[in-house]
Structures are given as structure tokens and as C-alpha cells.
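Peer 1: With the sequence up front, the predicted model follows.
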Amino acid sequence: MSLVCCAIFLVLSACAVVFAGQAWARVIVYGGCALTGFAGLLSALSYLAGTTPGGEWIFPLGLPWIGAHFAVDSLSAFFLAIVNGGAVLASLYAIGYGRHESAPWRVLPFYPAFLAGMTLVVLAADAFTFLLSWEFMSLASWALVMAYHRVRDNAQAGYVYIVMASFGTFALLLAFGMLAGPDGSYAFSSMREGIRAPWQDAMILLFVLLGAGSKAGLVPLHVWLPLAHPAAPSHVSALMSGVMTKVAVYAFVRVVFDLLGGTGWEAALVILVLGGASAVLGVLQALMHTDIKKILACSTVENIGIVFIGLGLSLAFQSGHMPAMAALALSAALFHVFNHALFKSLLFFGAGAVVHATGARDLDKMGGLIHRMPVTAVCLLIGCAAISSLPPLNGFASEWVLLQAILQSPALPEWGLKVSIPAVGCLLALSAALAGACFVRLFGVAFLGRPRTPQAAQAHEVDRFSLGAMAFLALACILAGVMPGLILEGIHGTVQDLIAGGPAPQGRWLSLVPVSEDRSTYSGVLVFVFVLVASGVTALLARRVASSALRRGPAWDCGFPGNSPLFQYGAGSFVQPIRRVFGARILHARESVEMPDPGDLRPASFRVDLRDPAWEGIFLPISRGVRGVAERCNIAQFLTIRKYLGLVFVFLVFLLGVLALWT
Amino acid sequence: MTSLSFDIAHALAGALILSSFMMLYQDRLSALINLFAVQAVILSFSVAWQAFIQDAPHLYITAFIAVLFKALVIPLALHRMIVRLGIHREIETVIGIGMTMMAGMGLVALSLSLILDVASQSDPLAREDLAFALAVILLGLLMMVTRRNAVSQVVGFMSLENGLVFAATGAQGMPFVVEISVAFSILIAFIVIGIFLFRIRERFDTVDLRALDHFRGERFSPGDGPSGAALPVLDRSRGAGRGR
């Protein structure tokens, strides 16, 4: 079924190449993608519910005599549901959003291809098909990033992205190369049987961390995310951030949990530390940026960090032979994957609406939008609350389950883990708090206060399709938060297949019981009802007790004699305390104030310089090294014809000599 | 397979190598072309002998093509070409004939030891053939590397291709289409190279490849031999070339 969906995506893509110029092509392509994605979603859900059997199919495509293997199991069905669900909503949103596209022929053909690529990665069941689909997905998304290639910095973003994507595929290629099954076969089913030395396991893990981590945005391979995700059109950004990073998580889970079958505790510790670093560094960077889409992209790094903390924790418990706890941590990670797909798509849709309405991506050019775009504001508020992990929304539920798993870490036998997992837990808590600050800032500066520019004052609500997609996602965030047991029930089968002998946490309809009844429980419904009742009663009391007379008075202007909207709290000023506490050391934030001399007519200026430690410490030295080597090799560009021939000849003789000595 | 037929095939293959060495040694262009014709004749004998012992009549066609094109058409055309280019009396300065011969011997030793080692299980005749063919190919390549004149490079290339044909016929069951297409591709390559030779000559007044290198803005290393003589001519021709 899902394969049929892929085929339809590809056909739509081909049609879009031909008809992209037409006005009706947008509706056909996006509408077709939405319907196809819906069909795929239904089939994935019916597999998860146990009504459709999975299976493996072999098609005579690709390499001769090997063919292309595709399979559906519980893990791929879960991720298929995420991919297709994201595809449905993004397509729905794009039916409205795409109306304002200046060059639809740059987006329409690649969009269905991108969806097909992601579906194929999840379905692939041998290394060759997997890598091919992975690269297909990367290239299609690269084309979408380059859709507005004339805009400043977009070409640079595309370049960084394609370099990172190629590097990631290369690392995955090496990982799969070492994973070959006992008979040298590259089908996943025979890779599971493979017997490998410990050092091989470690190498495979390293390569998978590099390959999947670079796509997911794990620190220090995250540098392309804040560049590339905002460069694409908003519905594609939502897919890249909300769904494609999940496909990378799928690759990691598939290889490490399924094909390798777990790791030692040292490796788990490495993953935990990387996850913790991603969580904190991602959210810190999100706080520093003022571009609304960059903030969201950086926050993706944070959430991927949270997911990897869950995965690392699960591996740690697995190595300590505590399958119940391992299952708990894995469920938390998968639950967070699902939640992040929901609210990150919602936030990107909202950001797209705001950017379209105000024509700016800078938070400091917005303000007061809640009056002009009420529906968008409410949806975005729900998304912000969810990603800041406030109860009773879904972000809280998954992080709560994850913290419950972290609280079980003292039972682990290794002291290294006993000591460091609580530290990672602290990082997790810190990142949750910082995420709260980050999204208070985002919502407050963009939607509250007074408009800072005429465009923001003239903003208008977006179309019905976009609003529908956002409202649906907001509703889904609330539902998943109020009834987390429902989602955990869906994940149950996946977790059981991956962790032998591990019962997933009891997902009941009304309450969550991660460990046991007497330790901790969480009931989303109860909290929801409490929030409703408490706020309702408070509002009622305020109405009854307080005076109902409406008074309009001047707003307090902080003592500044002026009425410019620029005197409001801005995106930069809101975050200044955090920047001074954390940014100075970690991000090398430097503030410089330039005051003109008296009599000078220049305006005074205030500037903040930020440096990404990963970019400065890792990527710049590498690029300098590559450039140096390339310059050395440049000599070979200017040899004589005979020297070229001689080069070929000497190398041939060398290879023959090696062969002669080797055998 | 009788031992006599094996011996004859072996002797022909050896003769092929010998002719390769003679070409490597020879520094007069017209003699070089004659030697190439001789090698082509030996090749065609060898292919015909293969046709006989493998009982594969289509190989006779290959042998016939080899005689027709490589022993007659191409050498005649090359002779005419060097006469028209006015270089038929030219003595090419080859760097260190002694060194070249030593290197050639090393290459033959390498290819023999390699193939006899790698293909130790296969049919002895095919194995020997492959070893000799690889040696001929390597010697042709060596000739292309050590020669400076474009015509002798063409000859080196053709001799390399002789080795390929020899390898193709030595292995049993090689599809006929492959051999034919190899034979014809070499003809086409020859035509293209011939045209290019005249174009080079037209533009640079010489077929010495150093002129091409100079045109690309190369610097000469002193080891590349006397270069002063070619350069004034070259400069004139470049001026003329621009004028056109």
C-alpha cells in the first residue's frame, strides 16, 4: 500500500515537472499529495492496530540479481505514520500557502519527490535500497532548499547542506558496508544474523552517529539546520524539521536497535552526552537568533537532543539488562518523536503564515499580530506551550516519561552511568526551561505588544487551508497531551519488537504509569480538567469581584518620553540576561555599543556577535585543510600530456605490482 | 590440445612481445611504422592460429581485419602522413633507450608473474595468452609515455590495442561482436587521431607535443630536451593563427 503511495508521489512529481507553470497544478499536486499521504497514513495505522499484516517484497529494481527489498514492520509503520501524517497536513497547508509562490515550478516537482524519498527510506529493507532512497530524499530536499536560490545566503545554505548530506550518506555507506550479513548479503534480514567483533560494532555505531546524526542535526553536526531549514518554503521547512529529522532518527533506531541489537554502556554514554549537548546548545542558539524560522530550526536541534537522550538511556538500560526501563526510555523517545513532529510542523506553519502576513522573518519587525491574526495566534500559542513542555500538552507528557526513566538510573550497575545520567537529566531540565523562555519570547515579541512596522500593522489572517492545517495540529497536540496513553498504546508494539522482554509502560486511557502505581502517575485528563476549572473559576471570580468598568489609560513607558513602538521589549532585549549568563562562555557572545561623538549625526548602534563553537572548532579547520590540500593538488591541473600518460601508467603498474605481491 | 599447437601459439605470442621490444628500441619513424606492420602480421597469424585450435571460424575474420587494416591500411596511411608532414627522415630523441628497454623487461616480468599467479587454475593456453597480452599492452603504454612525437604516440596506442585484440582472442568464448567492435573502434580512433595530427600541424607547424604543452602555458623542465629550436617557429605560427 505504502509502495503504491510512493509510486503515486513519483507520478505526481513527474506531472508537476510538466504542468508546474499552470495555476491549477498547485491544487492538483498538493491535493494529490494530501490524499496519497492520507492513504499511506491509514495503511500505517492499520498495521499498527494489527489489522493488516506486514511483509517483505522484493522488486527486480536496482542491482541485478539482488533487487530492491521493501518491508513493513512495527518500527517502519510507526515512522510511516509520522511521515504520511506530516505529508497530509503540509500538503493541506500548502494548498493555501502555495498560492503566493513566486516560482511554483521550483517547488512543485520536488515536493512529491521529497515525500516519496522519505517514504522509501522508511520502507527500504536492504542497504542498497536504503542508501539510494536516502540520497534521493537528500537531493529532493536540497532542491527545495535551493528553491529561492537568488535570495542572499540561500545558495550558501544549500552548499553547506549538500556537503553535509553527502558526508552523512558516505558515513552510512561505510556503516552498512561493515554490517554485511554472514553470507555477504546486504538485506536487513541477513544483517541481523551477522556476528561482529566489538570493535566493528563500535565503528558501525560511530558511522551511524555521523550519518544519521548529521541528518538529524545532532551536535556538532547541526550547523546546516539553522541555515537550510529556513531557506526552504515554510511547508517544506515543516517537513524537513518535523519529519525528515525523524527519518534520520529512524535510521539510527533501525541500525542500532534492530540490526546491531544494542551496544555497550560506554557507547550509550556517548549518545547520552551528545543528546544532552544538542539539547542545551540547540535551545541556546534558538534563544540568540531573531529570525523566526531560524529559531524553530535551532529548537529542532534541541528536540533531537531530547530524543537521543531517550535513545541513549534505552541503550544504557539494555546493556544493564533492565528491559522494562529500556522499553520505558525508548517509548519516551518515540513518543517525543511523534510529539515533535506535531508541534514543530504546527510552529513552522504558523511561522510561514506570519512571514507571509508581515513580509519579514525578523521578530523585531513584528508585534501585535494577535489582533490581526487571531486564529494563527491561538494555534501558535498552543504549539509554543506544547514545545515548552507545559502540561497538559503533549510535550510535557513525553518529557515527563523521559524524566521518569532518568530517575531510574541509580539502579544501573556502572558507576559511569550512575553519575552521568543525572547530569544529563539536569541538561534536559535546563533545556526545557530555556525552551520555555525561547517560546515566550517568540510568541510575546511577535504577537503581543504593538506592531513595530507598518507591515505588521497591516498584517492579515491567512487562508482557510492553512488555518485548517494549523488548527488540526493544535487539536492533535492537545489530544496527545490529554490522552498520552493512547499514543503509548500505539508505540507499544514497536517497542516490544525492538527490546526483547521489555513490557512498554502501561498506557491506559486516562493515566500514565511508567514504573508502578505507587511511584508516580500522570493523568493528562485530570490536569486538563484542573487547568480548565482553575482558570474558569479564576476568570469568574475576577469578573464578579473586580470592577467591570472598562478604563483606558496610557501604558507605562518605562520612563522614556516617547511613544515609538521600538521602545517595547524586543527580541534582543528579552534574551539579554540569558545571553550574558550562558552565551558569553558557550557561544562567545560579544555585545558592542557604538556611541557617536557629540555633534556626530550617525545613529548609535548596538551589535551582538555570536559564534557557533562547532562551526569555529570543527568545520572551519576542516574546510581550511581541504582547501590547502586542494591547492597542493592543483599542480596536477597543469601537467604535460606525457606526464598525464605517465601518471596513469605508473599508477597502473603500481596497482599491478600490488596485486602481484598480494596474491 | 596437443603440445605442438600450444607451442606454436606460445611462439607467436613471444614473437609479438619481441616485436613490441623492437618498436620500443626503434627511433626512426618510418622504421617504427614498418615494425608496427610486422607486429600486426604476427598478431593476425596468432589470431588465425587461435581460430584453428579453438575451432572458431569467426576468429578468421578478426585475423583478416587485423591484416587488412593494421598491416596494410594504417601503416600505408601513416607513411603517407609522415611524408606529407615532412618528418619521415626525422630521428626522434628518445630518452635513454637502455633505460626504456630495462623498464620494458621489468613490465614483462611483472605481467608474467602477475597473471601466472592470479590465473593459476585456468587453462594454460589462455593463461599464457593473457600474460603476453598484458605485457604487450604495458609495452605500448610505455612507448606512449616515453615518446614525444605525436605519430609515434599513435603507433604506441595501436600497439597497445594489438595487445587488447590478442587478449580478446586468447580467451575462449569472447563474443564475436566485441572483437569486431574493438577492431572498428581502433579504425575510427585512427581516423580521428589522423585528423587531429593535421590540425595540430596546421596550427603549430610541428607535431612535437611540447608545442602543445607550451601553448597551454606550461613551463618546461630542463629535462625535456632542447626546446629552443621549436619555439621561434611556434611563436610565428601562433601569430598567424590569431590573424586568421
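Peer 2: It's in. Residues are numbered from 1 along each chain as shown, chains lettered A, B, ... in the order given.
Peer 1: domain parsing for the chain?
Peer 2: Chain wasn't specified; assuming chain A. A:1-259, A:613-662 (automatic domain parsing).
Peer 1: um, chain B though
Peer 2: B:3-207, B:209-244.
Peer 1: Mind putting these into TSV with distance to residue A:202 and mean neighbour count?
Peer 2: Using the backbone N, CA and C atoms, a C-beta is placed for each residue, glycine as well. As requested, the domains of chain B are exported to TSV (distance: least, CB to CB, whole Å; neighbours: other CB atoms under 10 Å in any protein chain shown):
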stretch	distance to residue A:202	mean neighbour count
domain B:3-207	35	18
domain B:209-244	49	13
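Peer 1: Of these, which shows the lowest average pLDDT?
Peer 2: In terms of average pLDDT, domain B:209-244 trails the rest of these, at a mean of 47.
Peer 1: Toward the C-terminus, what is the element adjacent to the helix or strand of chain A with the lowest mean pLDDT?
Peer 2: Sorting the helices and strands of chain A by mean pLDDT, DSSP states H and E puts strand A:506-507 at the bottom, at a mean of 55. Counting by DSSP states H and E, the next helix or strand C-terminal to strand A:506-507 is strand A:512-513.
Peer 1: which helices and strands does that following strand pack with?
Peer 2: Helices and strands touching strand A:512-513, by 3 or more CB pairs under 8 Å, 6 or more residues apart in numbering or on different chains; DSSP states H and E, are helix A:394-407, helix A:484-498.
Peer 1: Could you list the residues in contact with that strand?
Peer 2: A:397, A:400-401, A:484-485, A:488, A:505-506, A:520-524 (CB atoms under 8 Å, 6 or more residues apart in numbering or on different chains).
Peer 1: quick one: secondary structure of residue A:61?
Peer 2: Secondary structure, DSSP: H, G, I helix; E, B strand; the rest coil: residue A:61 is coil.
Peer 1: Who does the closest residue to it other than its chain neighbours form a beta bridge with?
Peer 2: Excluding the flanking residues, the one nearest residue A:61 by CB to CB, 6 or more residues apart in numbering or on different chains is residue A:68, at 4.4 Å. Beta-bridge pairing for residue A:68 (DSSP bridges): residue A:59.
Peer 1: How many residues are close by residue A:68?
Peer 2: 21 (other CB atoms under 10 Å in any protein chain shown).
Peer 1: Correct me if wrong: it contacts residue A:126.
Peer 2: Yes. Look at residue A:68 against residue A:126 with CB atoms under 8 Å: they come within range, at 7.1 Å.
Peer 1: Spell out the secondary structure type for residue A:608.
Peer 2: Assignment for residue A:608 (three-state DSSP): strand.
Peer 1: Between the helices and strands packed on strand A:512-513, which one is closest to chain B.
Peer 2: Across the helices and strands packed on strand A:512-513, chain B has its closest neighbour in helix A:484-498 (46.1 Å, CB to the nearest CB).
Peer 1: what packs against the closest one?
Peer 2: For helix A:484-498, the elements it packs on are helix A:25-48, helix A:74-97, helix A:323-358, helix A:394-407, helix A:464-482, strand A:506-507, strand A:512-513, judged by 3+ CB pairs under 8 Å, 6+ apart.
Peer 1: and residue B:22, what is it in contact with?
Peer 2: B:35, B:38.
Peer 1: please redo it, this time with the cut-off set to 7 Å
Peer 2: residue B:35 (CB atoms under 7 Å, 6 or more residues apart in numbering or on different chains).
Peer 1: after the helix or strand encompassing it comes which helix or strand?
Peer 2: Using DSSP H and E, residue B:22 sits in helix B:3-25. Using DSSP H and E, the helix or strand that follows helix B:3-25 towards the C-terminus is helix B:29-54.
Peer 1: Compute the inter-axis angle for that following helix and helix B:3-25.
Peer 2: 160 degrees (axes from the mean of the first three to the mean of the last three CA atoms, to 10 degrees).
Peer 1: neighbours of the closest residue to chain B within the stretch 451-600 of chain A, just the number please.
Peer 2: At 45.6 Å from chain B, residue A:588 is the closest residue in the stretch 451-600 of chain A, using CB to the nearest CB. Neighbour count for residue A:588, taken as other CB under 10 Å: 13.
Peer 1: wait, what's in contact with it?
Peer 2: Shown in contact with residue A:588 (CB under 7 Å, 6+ apart): A:610-611.
Peer 1: Now with 6 Å, please.
Peer 2: residue A:611 (CB atoms under 6 Å, 6 or more residues apart in numbering or on different chains).
Peer 1: Please list the residues of the stretch 51-200 of chain A that sit near chain B.
Peer 2: By CB under 6 Å from any CB of the partner chain, no residue of the stretch 51-200 of chain A approaches chain B.
Peer 1: which SS class is residue A:193?
Peer 2: Relying on three-state DSSP, one would call residue A:193 coil.
Peer 1: where's the residue nearest the centre of chain B, which helix or strand?
Peer 2: For chain B, the residue nearest the mean C-alpha position is residue B:159 (2.2 Å; CA atoms, centre = their mean). Assessed by DSSP H and E, residue B:159 sits inside helix B:150-170.
Peer 1: Now the closest residue to the residue nearest to the centre of chain B other than its chain neighbours: which helix or strand?
Peer 2: Excluding the flanking residues, the one nearest residue B:159 by CB to CB, 6+ apart is residue B:140, at 4.1 Å. Assigned by DSSP H and E, residue B:140 belongs to helix B:124-146.
Peer 1: name the helices or strands packed onto that helix?
Peer 2: helix A:641-662, helix B:3-25, helix B:97-118, helix B:150-170 (3 or more CB pairs under 6 Å, 6 or more residues apart in numbering or on different chains; DSSP states H and E).
Peer 1: which residues touch that helix?
Peer 2: Identification of contacts with helix B:124-146 by CB under 6 Å, 6+ apart yields A:645-646, A:649, B:6, B:13, B:16-17, B:20, B:24, B:100, B:104, B:107-108, B:111-112, B:115, B:119, B:153, B:156, B:159-160, B:163, B:166-167, B:170-171.
Peer 1: Pull it out as PDB, backbone CA atoms only.
Peer 2: Written as PDB, here are the backbone C-alpha positions of helix B:124-146 (Å, rounded to 0.1, in the frame of the first residue of the first chain):
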ATOM      1  CA  PRO B 124      47.300 -22.900 -19.500                       C
ATOM      2  CA  LEU B 125      47.000 -21.600 -23.100                       C
ATOM      3  CA  ALA B 126      44.600 -18.800 -22.100                       C
ATOM      4  CA  ARG B 127      46.800 -18.000 -19.100                       C
ATOM      5  CA  GLU B 128      49.900 -17.600 -21.200                       C
ATOM      6  CA  ASP B 129      48.000 -15.600 -23.800                       C
ATOM      7  CA  LEU B 130      46.700 -13.300 -21.100                       C
ATOM      8  CA  ALA B 131      50.100 -12.800 -19.600                       C
ATOM      9  CA  PHE B 132      51.700 -12.000 -23.000                       C
ATOM     10  CA  ALA B 133      48.800  -9.700 -23.900                       C
ATOM     11  CA  LEU B 134      49.200  -7.800 -20.700                       C
ATOM     12  CA  ALA B 135      52.900  -7.400 -21.500                       C
ATOM     13  CA  VAL B 136      52.100  -6.100 -25.000                       C
ATOM     14  CA  ILE B 137      49.600  -3.600 -23.500                       C
ATOM     15  CA  LEU B 138      52.000  -2.300 -20.900                       C
ATOM     16  CA  LEU B 139      54.800  -2.000 -23.500                       C
ATOM     17  CA  GLY B 140      52.500   0.000 -25.800                       C
ATOM     18  CA  LEU B 141      51.700   2.300 -22.900                       C
ATOM     19  CA  LEU B 142      55.400   2.600 -22.000                       C
ATOM     20  CA  MET B 143      56.000   3.700 -25.600                       C
ATOM     21  CA  MET B 144      53.300   6.300 -25.400                       C
ATOM     22  CA  VAL B 145      54.800   7.600 -22.300                       C
ATOM     23  CA  THR B 146      58.400   7.800 -23.500                       C
END
